[in-house]
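**Student:** Here is a sequence together with a model predicted from it:
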Amino acid sequence: MTETVSFSYQDLLENFDWSVSERELGYKKGDRLNIGWMCSDRICRLGQAGKPALIWEDHQGREKRFTYNDVRVLSNTVAHFLVSLGIHPGERVCLFMDRVPELYIGFLGILKAGAVAQPLYSAFGDESLFVRLCNADTAAIVTQRKHVHKVRKIRERLPGLRHIVVVDAGDAPLENREISLEMEEAAPIEHFDVYPTVAESPSVLHYTSGTTGQPKGAQHVHYSIVSQYLTAKCVLDLRPEDVYWCNADPGWVTGTSYGIIGPWANGITQVVLDSGFSAERWYKFMEKHRVTVWYSAPTAIRMLMREGDELVRQHDLSSLRHLCSVGEPLNAEAVLWSRKVFGKEFHDTFWQTETGCIVITNFPGMAVKPGSMGKPFPGITATVLDPSTYEPLNQAGATGLIALRPGWPSLIRSYWNDEAGYQAKFKNGWYLCGDRASIDADGYYWFVGRDDDVINTGGHLVGPFEIESALLEHPAVAESAAVAKPDPVNMEVVKAFVSLKPGYEASDDLELEIMNYIRKRLSPIAMPQEIEVTNAIPKTRSGKIVRRVLRCREFNEPVGDLSTIMDD
Ligand code: 6R9
């Protein structure tokens, strides 16, 4: 498939230096650096104040438009409000909202105030929310009326949470610690002294799940913009006239790195659809706004495939120029389907919350091998390591651990309050992604699977420990194990194994009740799609659950040698 490209992979690869990005952003070592300012004030100074930054639409088709100057002034307004509340630089301010304009603009406002933005997915239930706010010792949460009841449920257990800011309170009665901020109604703050953050100042704290323990806070710094700006420009191929749509919710890293920072640092117009999935609505939305660049995810693409080709043909999607995907393996069928119906291929991009930016990718113009993740982004040194020696495998087709040489701008600097967990991500001078892949003779990477027990459902990572802990709080559950189970659309879904306490009998009703319990306390994505009652949850001699046995059974894979694990 031929395409006109702005950059050639080979040209960028030769003599690559991240300072290219620093120069384009007008940043010099030692300068102040603030993502909030970079994504709004800077664009206005470049003569783009009147250019649309955000075109927002909800499920009823209501539309709002914000220029870069609007984003500049409104983010000042949010920043000023937070400072007037007594929020100090470095304190965590959580964003807990659907995809409303206040989420995108508030993100920049928090950063302008020098505080740390902590975005959380608004479908989280009270327990998932509590765990993350408690761990981060969050000082304020910005939320909507429809979600405030979840905060009310847990606020007594969060003494450090001083302010609950409601962006659409209207005349609804507010309770203790709650305060209203209607961003567009507040007195606009034309000039705000942006807090003088520097490259290494903390910026965004994203929670991500691992195998053990509760989710970890991945701590980013303002310097991450140097990676996010350039990868958005080169991989997403953003050009000044583009209309860009990123499907991801800013509760997850794709929604901030490439749903806020990347496009806005490039001065691009982006469109946001604040509504659930509907193939027809999505195509209509892209047709109406003449979307040119679309960043989506394999589960969404598979859901679109299911709705058929005819629906695509009923819409004029000729504006689409470049398509990318992230979050899970992009199956070859999805690439072939997109070729057929859009006349364009989805370009797979691989990265993580921790990497902050795309690290392995099908670069525009590079021949796509359907099913492959492509090659390392210039400026990223990658390899696959032997899992026992942590030495590079250097053999085409051999499966190993995906490893990256630390040093690119957007690698997280720590896990919040978990130095040991952070250090464990590095071996022999490499950062380990926790995924397995092979590299073919042409240097293309092929994803094999995760190297841990984390469940990837529809591109969202859920940690088994968080689900197991919540299951144990249900009165009927004595023991629990949560593992991935294959799924044709979501790639994986959660399956839970539970043993019951005396006096409880397995029944369909009880299973449904447990599922709903998890959905409400954690989230719909963490909810087990299947519950198996068993008295035989495999354990090591010291009593640790061996999820691998259960997982392999679900995937019909051989369990392999367990002798060392069982002796643990
Ligand atoms: C950006 C994001 C990261 C994990 C990652 C891997 C999986 C992401 C992928 C992919 C295969 C791809 N993953 N992109 N697997 N092909 N193109 O998703 O961040 O939520 O931290 O997830 O997702 O397992 O390690 P995050």
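**Tutor:** Perfect, thanks for sending it.
**Student:** From the ligand, how far off is the closest residue to P215 other than its chain neighbours?
**Tutor:** Here the nearest residue to P215 in space, its sequence neighbours aside, is Y207; by Cβ to Cβ, 6 or more residues apart in numbering that works out to 4.3 Å. All C-beta spots, glycine's among them, are computed from the backbone N, C-alpha and C. Going from Y207 to the ligand by Cβ to the nearest ligand atom, to the nearest Å gives 10 Å.
**Student:** OK, contacts around V100?
**Tutor:** By Cβ atoms under 8 Å, 6 or more residues apart in numbering, the contact set of V100 is 56, 144, 167-168, 274.
**Student:** The residue nearest to P215 and D453, how far apart?
**Tutor:** Separation of Y207 from D453 (Cβ to Cβ, to the nearest Å): 17 Å.
**Student:** Then H289?
**Tutor:** 40 Å.
**Student:** L46 is in contact with N69, correct?
**Tutor:** No. Taking Cβ atoms under 8 Å as the definition, N69 is not a contact partner of L46, at 12.0 Å.
**Student:** Can you pick out the residue with more neighbours from those two?
**Tutor:** Neighbours were counted for N69 and for L46 using other Cβ atoms under 10 Å; N69 has more, 18 against 12.
**Student:** residue contacts, the more buried one?
**Tutor:** By Cβ under 8 Å, 6+ apart, the neighbours of N69 are 44, 49-50.
**Student:** now do 6 Å
**Tutor:** Going by Cβ atoms under 6 Å, 6 or more residues apart in numbering, N69 touches 44, 49.
**Student:** Please, which helix or strand holds the closest residue to C39 other than its chain neighbours?
**Tutor:** Computed as Cβ to Cβ, 6+ apart, the closest residue to C39 that is not its neighbour in sequence is W264, at 3.7 Å. In the assignment (DSSP states H and E), W264 maps to helix 262-265.
**Student:** which residues touch that helix?
**Tutor:** The contact list for helix 262-265 (Cβ under 6 Å, 6+ apart) reads 38-39, 225, 228-229, 232, 244, 270.
**Student:** Please repeat the previous calculation with a cut-off of 8 Å.
**Tutor:** So helix 262-265 is in contact with 25, 35, 38-40, 43, 53, 71, 108, 225, 228-229, 231-233, 236, 238, 244, 246, 270, going by Cβ under 8 Å, 6+ apart.
**Student:** Show the subsequent helix or strand relative to that helix.
**Tutor:** In N-to-C order, the element after helix 262-265 by DSSP H and E is strand 269-274.
**Student:** neighbours around the residue nearest to C39, how many?
**Tutor:** By the measure other Cβ under 10 Å, the count of residues near W264 is 29.
**Student:** circling back: so which of H289 and D453 has more stuff around it?
**Tutor:** Ranked by neighbour count (other Cβ under 10 Å), H289 and D453 place D453 first, with 22 against 19.
**Student:** quick one on the thing from earlier: do the helix holding W264 and the ligand meet?
**Tutor:** No. Judged by Cβ under 6 Å from any ligand atom, helix 262-265 stays clear of the ligand, getting no closer than 12.2 Å.
**Student:** what's the average pLDDT for that helix?
**Tutor:** For helix 262-265, mean pLDDT rounds to 98.
**Student:** Check stretch 116-124 too.
**Tutor:** 98.
**Student:** begin at 52 from here
**Tutor:** Okay, using 52 as the starting number, the last item reads as stretch 167-175.
**Student:** what's next to it, contact-wise?
**Tutor:** Here stretch 167-175 has contacts from 141-149, 154, 158, 161-162, 179-180, 183, 187, 189, 195, 198, 201, 253-258, 268, 270, 300-303, 306-307, 573-576, using Cβ under 8 Å, 6+ apart.
**Student:** Try it again at 7 Å.
**Tutor:** 141-149, 158, 161-162, 180, 183, 187, 189, 198, 253-258, 300-303, 307, 574-575 (Cβ atoms under 7 Å, 6 or more residues apart in numbering).
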